[in-house]
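Asks: Fold the following and give me the result.
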Amino acid sequence: MRFLLESLADLHRQLQAVGGRLWICHGDPQQVFLRLSEEQSLSKVCFEQDCEPIWRARDDAVRAVCNERGIECLEFVSHTLWDPKAIIHCNGGTPPLTYQMFMHAVNIIGQPPRPVDDPNWSAVTFGELTPTLIKEFKV
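Replies: Numbering: from 1, shown residues only. I've put the predicted structure just below:
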């Protein structure tokens, strides 16, 4: 837990250095993004892929809100070396059940992508949450 809190604090400091800040909202993600899109001019939502099937409905609901509102929605893979969906696809549509099956799939896929450079914040416009949203999401 300490690592997570320290990581969030570090991210907040990095955003402050370029004129932004980290906002943490509590609530149903679909409703959070719906309300944020109503009060902010969101043009893009980016999030980390969660490869656990239990979270697919949540992510699909957020994507649906973004599509309805014309918000670009990008999903990234960065906490695993390879995209789990690509490994499953390469393995004929099922997860590899043995290490040998996994190795066969990643040998076909090739090397994992290299880490990306630090973000360029120069084109980003940071917004502020209204007091109503701050209260509503218990920020």
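Asks: Quick check on residue 96: phi, psi?
Replies: When quoted as degrees, to the nearest 10, the phi and psi of residue 96 stand at phi -70, psi 130.
Asks: and the closest residue in space to residue 44 that isn't next to it in sequence, how many neighbours does it have?
Replies: Leaving aside its sequence neighbours, residue 44 sits nearest to residue 72 (CB to CB, 6 or more residues apart in numbering; 4.4 Å). Every C-beta, even on glycine, is put in place using the N, C-alpha and C of the backbone. For residue 72, the count of nearby residues is 11 (other CB atoms under 10 Å).
Asks: and the closest residue in space to residue 91 that isn't next to it in sequence, what is it in contact with?
Replies: Spatial nearest neighbour of residue 91, excluding adjacent residues (CB to CB, 6+ apart): residue 105 at 4.8 Å. By CB atoms under 8 Å, 6 or more residues apart in numbering, the residues touching residue 105 are 87, 90, 91, 96.
Asks: Can you name the residues bridging to the spatially most central residue of the chain?
Replies: Nearest to the centroid of the C-alpha atoms of the chain, with distances taken as CA atoms, centre = their mean, sits residue 47, at 1.3 Å. When assigned by DSSP bridges, residue 47 has beta-bridge partners residue 75.
Asks: mind checking the SS state of residue 100?
Replies: Following DSSP: H, G, I helix; E, B strand; the rest coil, residue 100 is assigned to helix.
Asks: one step back: and of the contacts of residue 105, the nearest to residue 137?
Replies: Nearest to residue 137 among the contacts of residue 105 is residue 87, at 35.4 Å by CB to CB.
Asks: got the contact list for that closest one?
Replies: Residue 87 neighbours (CB under 8 Å, 6+ apart): 95, 96, 102, 105, 106, 109.
Asks: what does the longest helix anywhere in the chain rub up against?
Replies: Scanning the chain for the longest helix, with DSSP state H as the assignment, gives helix 2-17. Under the contact criterion CB under 8 Å, 6+ apart, helix 2-17 has outside partners 21, 22, 24, 126.
Asks: Buried residues of it, list them for me.
Replies: By neighbour count on 16 or more other CB atoms under 10 Å, the buried set for helix 2-17 is residue 15.
Asks: Thanks a lot, see you next time.
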